[in-house]
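# below is the structure, and that's it, no one-letter string:
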């Protein structure tokens with residue numbers, strides 16, 4: 001994961017970071033085209049900025065205690081380097097430095113630091129390429145530089161320290177890894193259980209074979225004939241069970257191996273100590289963990305369980321009371337698997353109905369349905385089943401098994417989901433412009449009723465001042481407004497599901513205040529002097 005520091009992507013670019021002695025004397029880059037931190041009014045003495053500066057200083061590369069050779073010299077032995085250029089990323093001795101960096105632009109603008117072998121890599125801000133990433137934008141979920149907090153698309157967003165977000169996200173990832181590890185352990189335990197079940201099946205087959213031999217030895221020729229046939233059936237059953245179990249084991253083992261690979265990858269990611277690298281890999285790692293767990297969950301109950309039924313377990317023999325039936329000696333026949341008729345199965349918001357074809361020789365049917373770890377079982381003689389009081393918007397798995405005196409069939413299964421219970425958001429109100437008006441101090445707006453709306457939010461604003469009212473009517477009148485002022489009115493419909501996607505708006509301007517004189521009577525009521533003008537009664 002260390003190699004990820006060399007890449008460039010949407011989250012930022014990578015550049016070399018100078019040592020601590022250079023970070024204290026460096027000045028803002030004059031070519032990045034952005035306002036400096038000081039010009040934007042950032043308090044460089046604030047605790048946050050002070051901590052950032054301390055952090056940047058502590059993260060620098062330590063000075064080399066041993067002398068380092070010049071990387072440009074061709075002499076033998078090579079001369080000792082005295083400076084490293086952060087732009088060229090090359091160490092120079094005094095002679096080579098004088099040749100390659102004369103005291104004039106652009107070389108005079110290169111930053112020279114004490115010799116070192118390597119540079120710490122840091123991710124640069126995508127919006128301000130010359131500024132390092134030092135904070136985390138909570139709204140946009142991305143690392144940003146200190147300048148982003150004052151200008152650009154992250155301005156006035158909530159910011160958090162990289163260390164804080166790193167710790168939080170690392171803890172979340174660790175929880176996911178722990179869950180994945182627990183699931184892997186469960187799957188490994190299931191594989192071990194399946195292998196033990198396979199051994200038990202083989203042992204059961206051997207036991208049945210021994211019983212058959214012991215009983216048949218006393219039954220002479222007829223028993224020998226029937227014994228040969230039963231051996232054949234037993235062998236076929238054993239092979240089939242063994243093949244079925246082997247398939248399940250292989251499938252489970254494959255799932256465990258893939259989950260282990262995902263777990264190892266996750267553990268490697270968690271070894272990452274670079275804050276930004278881990279944060280950049282967070283989303284993809286979360287998706288990988290959740291996808292692996294979801295795959296394990298999906299394959300869990302569909303393919304195997306701890307009580308996997310084998311046909312060999314249903315075989316038994318006791319000839320004490322069966323000597324008179326030697327001619328028809330055989331294993332009991334189990335009913336066939338029921339066939340569910342998909343086209344006749346349906347579900348509503350709280351009800352589900354399934355139907356299957358009758359099974360020859362079946363005396364009854366066992367129907368079970370489950371959601372999560374909860375399982376409900378019913379026994380009936382009909383070939384249809386209706387269940388009520390289900391939870392809306394849930395997926396249920398139904399299984400049907402045929403039964404008779406010899407035993408039970410393999411289950412037939414179908415999955416159905418109940419209809420979700422939906423609250424629809426109301427539509428955007430339509431303001432009736434012709435019925436909206438304003439006077440010198442009053443405004444009135446009307447809008448069409450919205451289907452499904454319980455109430456309406458009406459707001460009006462002038463400048464930065466905004467007033468909000470809630471009402472059930474489809475009209476709104478506001479008084480005591482300022483004459484000659486433009487107001488913006490917005491109407492939003494609401495119900496239990498929420499509010500309409502967007503408000504409907506209209507702008508109204510109150511009538512200006514006008515002082516008018518009647519030319520016929522003004523001379524009788526106005527008194528004009530050098531000191532004042534007033535109206536006479």
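Now that the structure is in, tell me what you want to look at. From a predicted model like this one, the values you see are computed outputs, not experimental measurements.
# any regions of the stretch 1-150 of the chain where pLDDT drops low?
1-65, 119-121 (pLDDT under 70).
# where do the strands sit along it?
Using DSSP state E, counting those that start in this stretch, the strands of the stretch 1-150 of the chain run over 13-17, 83-85, 90-92, 112-113, 120-124, 135-137, 142-144.
# out of these, which is the most enclosed?
strand 142-144 (a mean of 23; mean count of other CB atoms under 10 Å). (Glycine included, C-beta is placed from N, CA and C.)
# and the next helix or strand past that strand?
strand 159-161 (DSSP states H and E).
# tabulate the strands of the stretch 1-150 of the chain (CSV), appending distance to residue 176.
Formatted as CSV, the strands of the stretch 1-150 of the chain follow (distance: least, CB to CB, whole Å):
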stretch, distance to residue 176
strand 13-17, 27
strand 83-85, 42
strand 90-92, 44
strand 112-113, 41
strand 120-124, 24
strand 135-137, 20
strand 142-144, 21
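# of those strands, which approaches residue 393 most closely?
strand 142-144 (33.8 Å; CB to CB).
# identify all contacting residues around that closest one.
When contacts are defined by CB atoms under 8 Å, 6 or more residues apart in numbering, strand 142-144 is touched by residues 11-12, 123, 125, 127, 133-137, 154, 159, 162, 275-276, 279-280.
# in its sheet, what does that strand sit against?
With DSSP bridges as the test, strand 142-144 is paired with strand 135-137 (antiparallel).
# distance from the strand it pairs with to the middle of the chain?
20 Å (CA atoms, centre = their mean, to the nearest Å).
# where's residue 177, which helix or strand?
Assigned by DSSP H and E, residue 177 falls within helix 162-216.
# correction: residue 368
strand 364-371.
# next secondary structure element downstream of that strand?
strand 374-380.
# so what does that next one touch, helix or strand wise?
Counting by 3 or more CB pairs under 8 Å, 6 or more residues apart in numbering; DSSP states H and E, the packing neighbours recorded for strand 374-380 are strand 364-371.
# before we move on, the earlier item: quick check: mean pLDDT of the helix holding residue 177?
The average pLDDT for helix 162-216 rounds to 86.
# ok, stretch 222-237 next?
Stretch 222-237 comes out at a mean pLDDT of 80.
# quick one, helices of the protein?
Using DSSP state H, the helices assigned to the chain run over residues 20-23, 47-58, 94-100, 162-216, 220-270, 275-303, 522-525.
# with adjacent residues omitted, what lies nearest to residue 443?
residue 508 (4.9 Å; CB to CB, 6 or more residues apart in numbering).
# ok, the closest residue to residue 262 other than its chain neighbours - how many residues close by?
Nearest residue to residue 262, sequence neighbours excluded (CB to CB, 6+ apart): residue 292, at 4.2 Å. By other CB atoms under 10 Å, 24 other residues sit near residue 292.
# same question for the one 4 residues further on.
Using other CB under 10 Å, residue 296 is surrounded by 20 other residues.
# and for residue 420?
Neighbours of residue 420 (other CB under 10 Å): 9.
# in contact with it: list those residues for me.
349, 392, 393.
# ok, back up a step: between helix 275-303 and the helix holding residue 177, find me the angle.
20 degrees (axes from the mean of the first three to the mean of the last three CA atoms, to 10 degrees).
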